[in-house]
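# Here is the input, now give the coordinates:
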Amino acid sequence: MTALSKFGLRALVAAGGVAAVAMMAMPSAKADEGKVTVFAAASMKNALDAVNQACAAEVGEEAAISYASSSALAKQIESGAPADVFISADLDWMKYLHDKNLVKADTEKKLLGNAIVLVAPVDTAREVTLEKGFDLAGLIGDGRLAIGEVKSVPAGKYGKEALESLGMWASVEGKLAQAENVRAALKLVATGEAAAGIVYATDAVAEPGVKVIGTFPADSHKPIVYPIAQTADSKDSETAAWLKCAESEKAKPLYEAQGFTVLGETQ
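Numbering: from 1, shown residues only. Okay, here's the model as predicted:
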């Protein structure tokens, strides 16, 4: 996915302050024949690519993985996209599919934890303390704050909750550049099209063009949990083998290398 151009960003902001491009980088609904198909939150790409490669020997081959926002993926599964596994960046979108009987309840687990951080382009970064009274709007100045779409993208929802908790929301709401997933928000910061951005700690690890300048207090938002489950219409035997490996001790250091906390809890 390419970053929005400066012209495109200005136009979207002028049109209402929302730079959400919901149809960009949408995963294909066509599954690779015979392969386990995984729909996973965009923030998992680096870690899950490594896990998928490591698990190939045990499963027989690598799974086909589509990355996008959890909301987009859940909606695609609801519409009949042939996914075997769903990994969400929050509990809400897993519950959305659970309530529609579109995942197998006995396979649902709380797999990973994460944190949200404030990042800036590496050449302009200066560390700050994110607490009540901090002037985030002043830090951004005439620039924009990149964030996942705050009504649907988990990172955006966590970010808005943290900003409200710390009393910053009202001053930055008009400066937002909302993106269709957290990796798109990260790209806006890395390319200098946004002065700062709210992303997961794991995203910052994956992008050399940004630097973490502050971490949001854990008590300023709901716990960040990535649940995993097998879908109701999945290929049972192959999917079970992939899930077993993706949830195993073998996978744990690969998640941790990208900054995730491994939970491995049954929901």
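# got the phi/psi numbers for the closest residue to residue 96 other than its chain neighbours?
Counting by CB to CB, 6 or more residues apart in numbering, residue 74 is the residue found nearest to residue 96 once chain neighbours are left out, at 5.3 Å. In short, each C-beta sits where N, CA and C put it, glycine included. Backbone dihedrals for residue 74, given as degrees, to the nearest 10, come out at phi -60, psi -40.
# doesn't residue 83 make contact with residue 74?
No: in this structure residue 74 lies outside contact range of residue 83 using CB atoms under 8 Å: 9.8 Å.
# Comparing those two, which residue is more hemmed in?
Per other CB atoms under 10 Å, whichever of residue 74 and residue 83 has more neighbours is residue 83, with 29 against 26.
# what's the nearest residue to that one if we skip its chain neighbours?
Nearest one to residue 83, counting by CB to CB, 6+ apart, is residue 39 at 4.3 Å.
# isn't the one you found right next to residue 82, touching?
No: with contact taken as CB under 8 Å, residue 39 and residue 82 are classed as non-touching, separated by 9.8 Å.
# by contact count, what packs against the top helix by length along the chain?
The longest helix of the chain (DSSP state H) is helix 45-59. Judged by 3 or more CB pairs under 8 Å, 6 or more residues apart in numbering; DSSP states H and E, helix 45-59 is in contact with strand 37-41, strand 64-68, helix 201-206, helix 236-246, helix 252-257.
# Relative to residue 90, which of these is closest?
strand 37-41 (8.4 Å; CB to CB).
# Pull up the pairing partners for that closest one, direction included.
The strands that strand 37-41 pairs with in its sheet are strand 64-68 (parallel), strand 85-87 (parallel) (by DSSP bridges).
# Between these, which one is closest to residue 150.
When those are ranked by proximity to residue 150 (CB to CB), strand 64-68 comes first, at 16.9 Å.
# Can you mark which positions in the longest helix of the chain are buried?
If you call a residue buried by 16 or more other CB atoms under 10 Å, then helix 45-59 has these buried ones: 45-52, 54-55, 59.
# what is the orientation angle of it with strand 64-68?
160 degrees (axes from the mean of the first three to the mean of the last three CA atoms, to 10 degrees).
# C-alpha coordinates for helix 45-59, CSV please?
Presented in CSV, the C-alpha positions along helix 45-59 are these (Å, rounded to 0.1, in the frame of the first residue of the first chain):
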residue,chain,number,x,y,z
LYS,A,45,2.4,-8.7,9.3
ASN,A,46,6.0,-8.9,10.3
ALA,A,47,5.5,-11.3,13.2
LEU,A,48,3.0,-13.5,11.5
ASP,A,49,5.0,-13.7,8.3
ALA,A,50,7.8,-15.1,10.4
VAL,A,51,5.5,-17.5,12.2
ASN,A,52,4.0,-18.7,9.0
GLN,A,53,7.3,-19.5,7.5
ALA,A,54,8.5,-21.3,10.6
CYS,A,55,5.3,-23.4,10.7
ALA,A,56,5.4,-24.4,7.0
ALA,A,57,7.4,-27.6,7.7
GLU,A,58,4.9,-28.8,10.3
VAL,A,59,1.8,-27.9,8.3
